[in-house]
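Chemist: sequence plus predicted model, see below.
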Amino acid sequence: MDIINPDELNEWVRRSLELFQNTPYLDNILEVYQFEVARPVRLDPAIRRRIIMAHQGRRTTELIEILKNITKFPYEDPIWYLLKNINGCLENNPAQIQRIADTLYSMTAEETVVRLESAPKLNTQIGPMFNAWIKRTFNLLNIDKFQESTEGLFVLDASEEEAKNFINDTLGQALTKRPDLVAKVNRQYIIGEAKWIGQPGGNQEKQVQEVLQFCQNQRNNIIRVGIIDGFPWSIYNIKGRLINNKEAVLVQESEYDIISAFLLEEYLNQFL
C-alpha cells in the first residue's frame, strides 16, 4: 500500500485498505456477498420470431402487444411500466407509444432480442447476504439469552421488530431500523451497519454517508462500527491516479471504526 501518511489513518481503516491491496479481496468477498452467476434468459423461439418479424415490418401495435407479455423490456424506459400495467394508459397515450417505437426501431430487430435475452441484473440485496454470512460465522443467541450472557462473543438472533425494540428500548439507541449487526462481547454491546459499495456515483455516496452518520451518533456506552466493502478501499485507478471520489475519501479519512467484513471477527475479539 502506498498512501500519504498511513499512520494518520484510523487503524481499522488502514488495515482494511491493506487487505484490499494485498490479498485476492474481490475473490474472497464472495464468502460474504455471494453474488449469483449472471445467466441469459432465452425467449421461446416462436416469441423470438414474432418480435423480429413485427420489428422488421414496423408493426408497432403488434410489437408492443408482444413486449407487454414479457417480463423484461429492451431498455429502461420511465413510462413503460405505466403503459404496461395501468388500465387505459396504453390506449390513451399514442405519443408515448410512438416515442417508444422510435427508440426500438433505432435498434436492429436482433439487437432488441439480444437485449431481452441479456442476463438480468445480479441480486444486489446486500443486507440479506450479509446477515446470512453473520449467521454462518458467529454464535447466535435468542434475545433472552443474549441479554443474560456475560462471557463470550455472541450475535443476536431475533426478528426485525424484536431487535429494533431491544436496541431502542433496552439500549437506548433511537434507531429507525434494526442494525445489520447486534453483537455482545462479554458485557459490551456492539452494533454495526453494513454496506457493499460497488462503484462511485448514483446513491453510493448516500449509503456511505448513512454509515458515517450511524457511527457518529454514538449513544451511551454502545460501540458502533461501520462495515463497508468494495470500492471505498481502492487507492489508485488503472491509470495510476489516486482515487478521489467521495465514496472512497469519506471512508478512508474517517475517524470512526470503518472496517471490511473480513476484519469483523478480529475487531469483535479485541473486546474479549
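Modeler: Yep, that arrived. Keep in mind it's a predicted model, so treat the numbers as computed, not measured.
Chemist: can you list the buried residues in the helix or strand containing residue 61?
Modeler: If you go by DSSP states H and E, residue 61 is part of helix 60-68. Along helix 60-68, these residues count as buried under the neighbour rule (16 or more other Cβ atoms under 10 Å): 60, 63, 64, 66, 67. Quick note: C-beta positions are derived from backbone N, CA and C, even for glycine.
Chemist: cool, and stretch 104-116?
Modeler: 104, 109, 112, 113, 116.
Chemist: can you show me the CA trace of that stretch as CSV?
Modeler: Listed in CSV are the C-alpha atoms of stretch 104-116, where the atom choice follows Å, rounded to 0.1, in the frame of the first residue of the first chain:
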residue,chain,number,x,y,z
LEU,A,104,-37.0,0.3,-30.5
TYR,A,105,-36.6,1.0,-34.3
SER,A,106,-33.4,2.8,-33.7
MET,A,107,-32.1,-0.7,-32.8
THR,A,108,-32.0,-3.6,-35.2
ALA,A,109,-34.5,-6.4,-34.6
GLU,A,110,-31.7,-8.7,-33.5
GLU,A,111,-30.4,-6.1,-31.0
THR,A,112,-33.9,-5.8,-29.5
VAL,A,113,-34.0,-9.6,-28.9
VAL,A,114,-30.4,-9.7,-27.6
ARG,A,115,-31.4,-7.0,-25.0
LEU,A,116,-34.4,-9.0,-24.0
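Chemist: residues touching it, excluding its own?
Modeler: Residues outside stretch 104-116 that contact it (Cβ atoms under 8 Å, 6 or more residues apart in numbering): 43, 48, 51-52, 55-56, 58, 63, 70, 72-75.
Chemist: the helix holding residue 61 - contacts with which helices or strands?
Modeler: Under the contact definition 3 or more Cβ pairs under 8 Å, 6 or more residues apart in numbering; DSSP states H and E, helix 60-68 sits against helix 45-56, helix 94-105.
Chemist: quick one, which of these is nearest to residue 206?
Modeler: Residue 206 lies closest to helix 94-105 among these, at 29.8 Å (Cβ to Cβ).
Chemist: what comes up buried for the strand or helix carrying residue 267?
Modeler: Per DSSP H and E: residue 267 is located in helix 264-269. Burial within helix 264-269, assessed by neighbour count using 16+ other Cβ under 10 Å, is assigned to 264, 267, 268.
Chemist: tell me what it is packed against?
Modeler: Packing partners of helix 264-269 (3+ Cβ pairs under 8 Å, 6+ apart): strand 181-185, strand 223-230.
Chemist: would a markdown table of those with mean neighbour count be doable?
Modeler: Shown next, in a markdown table, are the helices and strands packed on helix 264-269 (neighbours: other Cβ atoms under 10 Å):
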| stretch | mean neighbour count |
| --- | --- |
| strand 181-185 | 22 |
| strand 223-230 | 23 |
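Chemist: after whatever helix or strand residue 133 lives in comes which helix or strand?
Modeler: Assigning secondary structure by DSSP H and E places residue 133 in helix 126-137. Counting by DSSP H and E, the next helix or strand C-terminal to helix 126-137 is strand 140-141.
Chemist: mean confidence for that next one?
Modeler: Averaged across strand 140-141, pLDDT comes to 98.
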